[in-house]
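> Quick check, what structure comes out for this input:
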Amino acid sequence: MGVLDGKTIVVGVTGGIAAYKAAELVRLLVTDGAKVRVMMTRNATEFITPLTLQTLSLSPVATDTFSLTQESEIGHIRMADTADAIVIAPATADVQGQVFNLGGGSRVTVNQVLATLEEISNIKIRRQNLPAVTVLCSSATRARETLALIASALGPHSKLLIEDGLYAASAEELLDRLRRVPEPAESVMVIGHNPGLQDLALTLAANGAKRSRAMEDFPTGALATLQIDVARWRDLGPGDAELVDYVVPREL
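Alright, predicted model coming up:
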């Protein structure tokens with residue numbers, strides 16, 4: 001029995017001259033007993049064929065976000081749930097930047113890492129024990145994917161709203177939308193985009209160490225929790241909140 005016997009390893013192959021070395025990596029992992037699932041970005045297929053990696057891994061190779069398996073579950077979420085480890089190879093500087101900031105680009109591999117990190121975010125959301133949350137989510141694809149990944153962590157009486165107006169909304173527009181949240185909503189989650197979200201957090205939050213961190217670094221995937229100090233949403237204004245928790249993806 002190998003050291004990795006019974007383990008599931010997801011190998012994300014990205015575009016780069018060293019992509020061909022993924023074949024040897026996959027072979028070694030399988031030899032050591034691991035069940036290997038391979039994902040490839042479109043650029044990676046220009047350096048090594050999916051068929052080669054499928055032959056070595058003994059499993060279908062994913063080359064598209066929504067064709068990763070023939071199961072009923074959403075592929076990239078299912079693979080994140082079952083993987084013991086995720087390996088990205090080659091980890092080019094571009095890909096490292098995308099992973100740490102959870103930005104677009106190498107779509108399949110970044111989505112896989114995103115799904116794994118969001119599962120940890122679910123734990124943080126559950127710990128806040130929010131029975132009902134009004135969720136304002138941008139209609140953009142990435143925002144809706146994020147909502148799908150964290151939905152299981154929300155309370156059973158949560159209200160989910162998908163709104164076109166949140167896409168590219170400024171801090172002023174987001175603040176105006178929060179002021180129109182109907183009472184008696186106790187908690188609101190906004191899933192949107194920078195720079196609007198960062199500017200909104202900085203506008204609402206009073207001074208403090210966490211605010212300083214958010215000012216310096218507010219990457220995609222950041223989770224900021226603000227405690228509001230007003231009785232009614234319509235009265236919400238600058239400085240009316242405290243940033244009580246702030247986490248970025250690389251800390252999860």
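> May I have the distance across stretch 156-172, first residue to last?
30 Å (C-alpha to C-alpha, to the nearest Å).
> and the nearest residue to Trp233 once chain neighbours are set aside, how many residues sit next to it?
Nearest non-adjacent residue to Trp233, counting by C-beta to C-beta, 6 or more residues apart in numbering: Val181, 4.4 Å away. The C-beta positions use only the backbone N, C-alpha and C, and glycine is treated the same way. Counted with other C-beta atoms under 10 Å, the neighbours of Val181 add up to 18.
> Show the average pLDDT along stretch 153-160.
For stretch 153-160, the mean pLDDT works out to 82.
> Name the residues of it that are buried.
For stretch 153-160, a neighbour-count test (16 or more other C-beta atoms under 10 Å) marks 153-154, 158 as buried.
> Ok, stretch 174-186 next?
174-175, 177-178, 181.
> repeat for stretch 189-197
189-193, 196-197.
> same deal with stretch 32-39?
Across stretch 32-39, burial judged by 16+ other C-beta under 10 Å covers 34-39.
> Can you flag which of those belong to strands?
Residues of those located in strands (DSSP state E): 35-39.
> Those: which two are farthest apart?
Lys35 and Met39 (14.1 Å; C-beta to C-beta).
> What ranges does the stretch 151-252 of the chain have for its helices?
Under the criterion DSSP state H, counting those that start in this stretch, the stretch 151-252 of the chain contains helices at 171-179, 196-204, 209-216.
> What segments of the stretch 1-150 of the chain are helices?
22-31, 50-57, 75-82, 93-101, 107-127, 141-150.
> With distance to Gly165 and mean pLDDT added, can I get the helices of the stretch 151-252 of the chain in CSV?
Below are the helices of the stretch 151-252 of the chain laid out as CSV (distance: least, C-beta to C-beta, whole Å; pLDDT from 0 to 100):
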stretch, distance to Gly165, mean pLDDT
helix 171-179, 7, 97
helix 196-204, 11, 95
helix 209-216, 23, 88
